[in-house]
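J.: Have a look; sequence and predicted model below, questions after that.
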Amino acid sequence: MKKNYFLFSSGTLMRKDNTLAIEKLDGKKKHIPVEKIESLYLFGELTFNTRLLSFISQKQIILHVFNRNGWYVGSFGPRKQKVSGKLLVEQVKAYLNPEKRTKLAREFIDSAMHNILRIIQRSNKNHKIEELNKVRERLKTSASISEIMSCEGEFRQKYYPILAKITAQEFHGRQKQPPVGRLNSLISFGNTLLYTRVLNKIYQTQLNPTISYLHEPSEMRFSLSLDIAEVFKPVIVDRLIITMFNKKMLQDSDFDEDLNSTLLNEEGRKKFINAFEDFMENTIFYPRLKRKVSYDTLIKLECYKLIRSLLSDEEYIGMKMWW
């Protein structure tokens, strides 16, 4: 099974014979078995050349780059081997059809809302969710992307204070760039990891990652990964954050804080990434397949569901927590 490799060291990333190697600033080298890599996450200041990019492209490895603060910079994706002209046409047709596009976008958000409500119910605390249910009901009659986005924004605005109570964290509103407060910091970093993981899975299918329905397609953005990630942010990121705070898996020393930002430092990012990777390997029973699947596989199955809905009359039903 291929894995994701996270590199925090600075130095040079290079091709060494038929594998990869990182030469650290102290001259030490570490070899990475290329056949076991799904994607590379670069957090350190690494130099590399086009020979390296050509090699990882041949091996269908995606490169995700972050700056020294842990903010996502961008991804290098190899030329897709799994392509389908027919699916591409259907993706575009669905985007150009206002009714079809709106239906898909609404389902992404309705699934996210369902999953959020399920998380609140599982918290075993008596949180008031009447206002959240009202927003979800209004979503059902939304007739445009802007209305759907408005419902989504209002729903999360009402949800995040509840998440703050569940995690016993101070929260003064969602702030992203830069995040302020520890809860904001983990939400931003966790969502970024999820976006890139969804992109990995899209690359393993025939879907085009630049054609999306909820988020507007634009240049230099893999917006379909943002669409699909909406379904999984509560299921994966929010649940992981709840676990890490409630089990006190992070300490004060794992954050760099000032009045204007709260960021996980390198040690904090390592702890979060290790927990994220462990979480993605957890399994649940998937009724349709009648077997257990990992959360990592669950994302790929969601991509296949979207493909089936685009190529047939099968309605897309987003993943809603049943456990």
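T.: Sure, I can see it.

J.: secondary structure element for the nearest residue to Lys2 once chain neighbours are set aside?
T.: The shortest distance from Lys2 to any non-neighbouring residue, by CB to CB, 6 or more residues apart in numbering, is to Glu38 (4.0 Å). Quick note: C-beta positions are derived from backbone N, CA and C, even for glycine. Glu38 is part of strand 37-42 when elements are defined by DSSP states H and E.

J.: same question, Lys292
T.: Here Lys292 is assigned to strand 291-294, by DSSP H and E.

J.: Could you name the helices and strands sitting against that strand?
T.: strand 283-286 (3 or more CB pairs under 8 Å, 6 or more residues apart in numbering; DSSP states H and E).

J.: Neighbouring strands of the strand it packs on in the sheet, and parallel or not?
T.: According to DSSP bridges, strand 283-286 has the following sheet partners: strand 291-294 (antiparallel).

J.: Pull out the buried residues from the strand it pairs with.
T.: Ser294 (16 or more other CB atoms under 10 Å).

J.: what stretches of the stretch 151-300 of the chain score poorly on pLDDT?
T.: 220 (pLDDT under 70).

J.: Could you pull out the strands in it for me?
T.: With DSSP state E, counting those that start in this stretch, the ranges of strands along the stretch 151-300 of the chain come out as 255-257, 262-264, 283-286, 291-294.

J.: Spit out the contact partners of Phe285.
T.: Under the criterion of CB atoms under 8 Å, 6 or more residues apart in numbering, the neighbours of Phe285 are Arg291, Lys292, Trp323.

J.: What's opposite it in the beta bridge?
T.: The partner residues for Phe285, given DSSP bridges, come to Lys292.

J.: Start at 46, not 1
T.: Got it, the first residue is 46 from now on, which makes the last one we talked about Phe330.

J.: Against Gly89, how distant is Lys73?
T.: 13 Å (CB to CB, to the nearest Å).

J.: If you count surrounding residues, which of the two has more?
T.: Gly89 (17 against 10; other CB atoms under 10 Å).

J.: so what's the backbone phi/psi at that one?
T.: In terms of degrees, to the nearest 10, the main-chain angles of Gly89 are phi -80, psi 170.

J.: Who's the closest spatial neighbour of it, skipping the chain neighbours?
T.: Using CB to CB, 6+ apart, the closest residue to Gly89 is Ser55 (4.2 Å).

J.: give the contact list for the one you found.
T.: Applying CB under 8 Å, 6+ apart, the residues contacting Ser55 are Lys69, Leu70, Gly89, Glu90, Leu91.

J.: What remains of the residues you listed if I keep only buried residues?
T.: Gly89, Leu91.

J.: For the contacts of Ser55, which two are the farthest from each other?
T.: Farthest apart among the contacts of Ser55 by CB to CB are Lys69 and Glu90. That separation is 11.2 Å.

J.: mind listing the helices for the stretch 46-195 of the chain?
T.: 95-103, 130-141, 143-167, 175-184, 190-212 (DSSP state H, counting those that start in this stretch).

J.: Quick one: closest of the ones you listed to Thr255.
T.: Comparing the helices of the stretch 46-195 of the chain under CB to CB, the one sitting nearest is helix 130-141, at 9.4 Å.

J.: ok, and what's touching the closest one?
T.: 145-146, 149, 251-253, 256-258, 262, 352, 355-356.

J.: And for stretch 283-295?
T.: 161, 164, 168, 208, 211-214, 227-228, 231-232, 235, 313, 316-317, 320-321, 324.

J.: distance of the residue most central in space within the chain from Trp116?
T.: By CA atoms, centre = their mean, the chain has its centre lying nearest to Leu239, at 1.7 Å. Per CB to CB, Leu239 is found 15 Å from Trp116.

J.: what does Pro206 give?
T.: 25 Å.

J.: one step back: let me have the helices of the stretch 46-195 of the chain in TSV, extended by mean neighbour count.
T.: Formatted as TSV, the helices of the stretch 46-195 of the chain follow (neighbours: other CB atoms under 10 Å):
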stretch	mean neighbour count
helix 95-103	14
helix 130-141	14
helix 143-167	20
helix 175-184	15
helix 190-212	18
